[in-house]
Structures are given as structure tokens and as C-alpha cells.
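# Need coordinates for the following:
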Amino acid sequence: MNTNEFASQVVEHMMEKDLFSQWLGIEVMEIKEGYSKIKMTVREEMINGLGIIHGGITFSLSDSAFAFACNNRNNLSVALDTAINFTKPVHVGDVLIAEAKEIHNGRSTGLYHINIINQYNHTVAFFKGTCYRTGKTLI
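This is a model prediction of the structure:
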């Protein structure tokens with residue numbers, strides 16, 4: 001088994017137990033070491049009082065992509081610091097894709113940038129996450 005196949009196995013294990021990502025309707029599109037690409041479709045119950053997606057939904061999608069990218073080497077990693085910038089509104093029926101790319105893979109920390117686009121390839125948010133590596137395994 002190569003490293004990317006093992007990374008996919010780790011993420012499959014995570015998704016089995018990740019009830020919130022399941023509720024969001026997240027589909028895993030691609031996994032490589034230090035990388036993840038996932039998508040979801042915005043549902044009516046995800047909309048805020050202004051008629052656009054609740055920011056927490058976009059954050060949660062990004063956070064899941066971050067978690068899959070920083071944990072897929074089987075080194076249990078937790079969020080140390082995160083930030084998000086929203087650039088465009090998101091509506092019911094929009095399909096969001098979050099792509100997490102590893103910027104730094106250190107012994108005890110990692111840095112990831114996540115770009116979130118809609119079905120028109122418009123960037124709707126940018127997410128940055130720093131993780132702490134515990135040294136424990138997931139599987």
C-alpha cells in the first residue's frame with residue numbers, strides 16, 4: 001500500500017466516526033498525504049436569518065478539510081489556531097468544494113491553507129489552520 005492509499009484509509013476511519021461531517025453531507029473527493037479535497041451541497045437548514053449560508057457551515061466544511069489533511073499521515077493532530085475570511089455569499093443548492101493544502105509539515109505543528117469554491121469556481125472563503133501533532137496514532 002502506498003502512502004496516499006494509507007492516507008485515504010485514515011480519512012475513511014475518521015469519517016466513520018465523524019457524525020457532524022456526515023450531517024453536513026461531506027463527500028471525500030481526493031486524499032493525498034497532507035492534502036484533502038471534499039465537497040458538500042448547501043441545504044435549507046444551513047441558512048441564517050439573512051437568507052445566506054450560516055458562516056459556521058462554511059467554517060465547518062473548511063475545518064473538516066483541514067482535519068483530513070493534517071491527520072492523514074496517522075499522527076493525531078488537533079487544531080491549534082484557525083481563521084476564516086468570507087469573500088462571497090453562499091445560497092441553498094450551492095455546491096462547495098474545500099481544498100486543503102499543506103504549507104508546513106513540522107514535527108509538532110503543521111500549517112494548512114484551505115480554499116473554498118462554489119460550483120461556478122468562485123472563491124467563497126479562505127481558511128488557514130495550524131495544528132498540533134500529538135504523536136499518537138488514529139488507526
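
# Now the closest residue to G129 other than its chain neighbours: which helix or strand?
Spatial nearest neighbour of G129, excluding adjacent residues (C-beta to C-beta, 6 or more residues apart in numbering): F66 at 4.1 Å. From N, CA and C alone the C-beta is placed, and that goes for glycine too. In this structure, F66 sits in helix 55-71 according to DSSP states H and E.

# residue ranges for the helices of this structure, please.
In the chain, the helices defined using DSSP state H lie at 3-17, 19-24, 55-71.

# Now do the buried residues in stretch 108-122.
G110, L111, Y112, I114, N115, I116, I117, N118 (16 or more other C-beta atoms under 10 Å).

# Pairing partners for R133 in the sheet, please.
Judged by DSSP bridges, the bridge partners of R133 are S77.

# Now for it, how many residues are close by?
When neighbours are counted by other C-beta atoms under 10 Å, R133 registers 19.
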